[in-house]
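1. Sharing a model prediction with you, sequence too.
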Number of protein chains: 2
Amino acid sequence: MAKQKATNITWHHAHITREDRGTMKGHQGAVLWFTGLSSSGKSTVATAVEAALFERGCHTYVLDGDNIRHGLNKDLGFSPEDRHENIRRIGEVAHLFADAGVIAMTAFISPYAADRQMVREINAKTGFIEVYCECPLDVCEQRDPKGLYKKARAGEIKNFTGVNDPYEPPLKPEAVLKAAELRPEACVAQLLAYLRQHGILKEA
Amino acid sequence: MAKQKATNITWHHAHITREDRGTMKGHQGAVLWFTGLSSSGKSTVATAVEAALFERGCHTYVLDGDNIRHGLNKDLGFSPEDRHENIRRIGEVAHLFADAGVIAMTAFISPYAADRQMVREINAKTGFIEVYCECPLDVCEQRDPKGLYKKARAGEIKNFTGVNDPYEPPLKPEAVLKAAELRPEACVAQLLAYLRQHGILKEA
């Protein structure tokens, strides 16, 4: 038998806590959970918030279709069960990022209130901020940069939120962005103010 | 119809790149993928490396059974398919952390070479460092802090790696820790030297 020079007992190192990470980064971890119709501006605002936070030296990450649907959740389709599991996994990953001290932003339609409640509970201890990108369907449909509404209206996409699948608006979101009326800079300013007011960012 | 004051076209913000994040954090993102038998010291070394990196102002996160099996992967059991999916998801999450500029460490037995090859490919662009915690089975079995080997020998745990399920040692790991012989400080020093030599950490 190989001689055991080091046992688990001698391996004693302090775990780094959420507080430790917050002190180092100069801000708390949190989850900004954007929700809203397709083309309501979720990714655009999240990216703009990320840029503004980065300028201020904050550590951020945006989870969106690009980095989730092609990777972690590439095994999931669009059945009700898979859409639910898609949101669950995103909620768990956002929680890990917030636990790591990062301000995580998620940009997914997440149309069902029950799913959003689930991710709120997953993130109960790490700062969950539901951000409703409120934008009328007709505005979203007019934007339609990828032609998705057009395809849905033509019957080429089934279960498309707002067309033939419901969107359940949040009843008590932490923030509502008037995404059809406000300039993006105003949305960013609104969310940064929220983060300062709630101690996630230090007061400027 | 609500008047559209801001369209997607006017919302133009630079995406933060991996390089941007590396510049801000003062180090590159990467994945340190620890592999080895149960009780070979994976979590212990990962935690010690995290503490040492934190002292140096590095941004880190450890993925292990505690934060993965109770959250993201709580729907998975221990069938071959589920064990494979478990490792796949951890590889994808580690990739997201590395993409976010964090030095992610994963502490899972990950006994199968094919699964480790899969996560290596997932992380091909974000710095993948396979760390083999080499420790003889009899040493691991003598440590056995949770009594898992004892249960496996008694037939209470099936498919336990090293007892009645194979461990396939890495053939070309980036680092081999002589986890039965070296003091933990030496393992940490070895890995920090690796990170410096490969430009993930700046030279001291």
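-> Sure, I can see it.

2. ok, A:Arg18 touching A:Thr126?
-> Yes: counting by C-beta atoms under 8 Å, A:Arg18 touches A:Thr126, with 7.5 Å between them. For every residue, glycine as well, the C-beta is placed using N, CA and C.

3. who has more neighbours, those two?
-> Comparing A:Arg18 with A:Thr126 by other C-beta atoms under 10 Å in any protein chain shown, the one with more neighbours is A:Thr126, at 20 against 16.

4. Spit out the contact partners of the closest residue to that one other than its chain neighbours.
-> Nearest residue to A:Thr126, sequence neighbours excluded (C-beta to C-beta, 6 or more residues apart in numbering or on different chains): A:Ala98, at 3.8 Å. Going by C-beta atoms under 8 Å, 6 or more residues apart in numbering or on different chains, A:Ala98 touches A:Gly29, A:Ala30, A:Val31, A:Ala104, A:Asn123, A:Thr126, A:Gly127.

5. My guess is A:Arg89 contacts A:Lys74. True?
-> No: A:Arg89 is beyond contact range of A:Lys74, at 11.2 Å (criterion: C-beta under 8 Å).

6. The two: who's more crowded?
-> Set side by side, A:Arg89 and A:Lys74 show more neighbours around A:Arg89, with 23 against 11, by other C-beta under 10 Å.

7. Give the helix, strand or coil label for that one.
-> The local conformation at A:Arg89, judged by DSSP: H, G, I helix; E, B strand; the rest coil, is helix.

8. now A:Ala186
-> helix.

9. which residue packs closest to the residue most central in space within chain A, ignoring adjacent ones?
-> By C-alpha atoms, centre = their mean, chain A has its centre lying nearest to A:Thr106, at 1.8 Å. Spatial nearest neighbour of A:Thr106, excluding adjacent residues (C-beta to C-beta, 6+ apart): A:Leu63 at 4.7 Å.

10. For that neighbour, give me its contacts.
-> Contacts of A:Leu63 by C-beta under 8 Å, 6+ apart are A:Ile90, A:Val93, A:Ala94, A:Phe97, A:Ala104, A:Met105, A:Thr106, A:Ala107, A:Phe108, B:Leu96.

11. run the last query once more with 10 Å
-> Residues near A:Leu63 by C-beta atoms under 10 Å, 6 or more residues apart in numbering or on different chains: A:31, A:33-34, A:46, A:72, A:89-91, A:93-94, A:97, A:104-108, B:96, B:100.

12. ok so it is a strand residue?
-> Yes: according to three-state DSSP, A:Leu63 belongs to a strand.

13. where's it relative to B:Ser40, distance?
-> 33 Å (C-beta to C-beta, to the nearest Å).

14. now do A:Phe108
-> From A:Phe108 to B:Ser40 the distance is 38 Å (C-beta to C-beta).

15. higher neighbour count, those two?
-> Shown here are A:Phe108 and B:Ser40; by other C-beta under 10 Å, B:Ser40 has more neighbours (26 against 23).

16. my read: that one touches B:Phe108, true?
-> No: using C-beta atoms under 10 Å, B:Ser40 is not in contact with B:Phe108; the gap is 11.5 Å.

17. between the two, what contacts are shared?
-> B:Phe34.

18. Quick check: which ranges of chain A have low pLDDT?
-> Chain A contains residues with pLDDT under 70 at A:1-14, A:204.

19. so where do the helices sit in it?
-> Using DSSP state H, the helices found in chain A span residues A:18-25, A:42-55, A:65-67, A:80-99, A:113-122, A:137-143, A:148-153, A:184-197.

20. Residues touching the first one, excluding its own?
-> Applying C-beta under 10 Å, 6+ apart, the set of residues contacting helix A:18-25 from outside is A:14, A:16-17, A:27-29, A:57-59, A:98-103, A:125-127, A:199-200, B:25, B:51, B:54, B:57-61.

21. tell me the angle of it relative to helix B:18-25?
-> Interaxial angle of helix A:18-25 relative to helix B:18-25 (axes from the mean of the first three to the mean of the last three C-alpha atoms, to 10 degrees): 90 degrees.

22. Please tell me how far helix A:18-25 is from the chain's geometric centre.
-> Helix A:18-25 sits 21 Å away from the centroid of its parent chain (C-alpha atoms, centre = their mean, to the nearest Å).

23. Quick check: buried residues in that helix?
-> Using 16 or more other C-beta atoms under 10 Å in any protein chain shown as the test for burial, helix A:18-25 gives A:Arg18, A:Arg21, A:Lys25.

24. next one: the fifth one
-> By neighbour count, with 16+ other C-beta under 10 Å as the criterion, the buried positions of helix A:113-122 are A:Asp115, A:Arg116, A:Val119, A:Arg120, A:Ile122.

25. tell me what it is packed against?
-> Helix A:113-122 is packed against strand A:30-35, helix A:80-99, strand A:128-134, with contacts defined by 3 or more C-beta pairs under 10 Å, 6 or more residues apart in numbering or on different chains; DSSP states H and E.

26. at 6 Å what do you get?
-> The contact analysis (3 or more C-beta pairs under 6 Å, 6 or more residues apart in numbering or on different chains; DSSP states H and E) places helix A:113-122 against helix A:80-99.

27. Give me the buried positions along the helix it packs on.
-> A:83, A:85-99.

28. Over to stretch A:63-72?
-> A:Leu63, A:Asp64, A:Asn67, A:Ile68, A:Gly71, A:Leu72.

29. my read: the second one touches A:Thr44, true?
-> It stands for A:Asp64. No: between A:Asp64 and A:Thr44 there is no contact under C-beta atoms under 6 Å: 10.6 Å.

30. The helices of chain A into a markdown table, with extra columns for distance to B:Leu177?
-> Below are the helices of chain A laid out as a markdown table (distance: least, C-beta to C-beta, whole Å):
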| stretch | distance to B:Leu177 |
| --- | --- |
| helix A:18-25 | 25 |
| helix A:42-55 | 35 |
| helix A:65-67 | 31 |
| helix A:80-99 | 25 |
| helix A:113-122 | 34 |
| helix A:137-143 | 53 |
| helix A:148-153 | 50 |
| helix A:184-197 | 41 |
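
31. ok, so of the buried residues of helix A:80-99, who is nearest B:Pro169?
-> When the buried residues of helix A:80-99 are compared for distance to B:Pro169 (C-beta to C-beta), A:Leu96 wins out at 28.8 Å.
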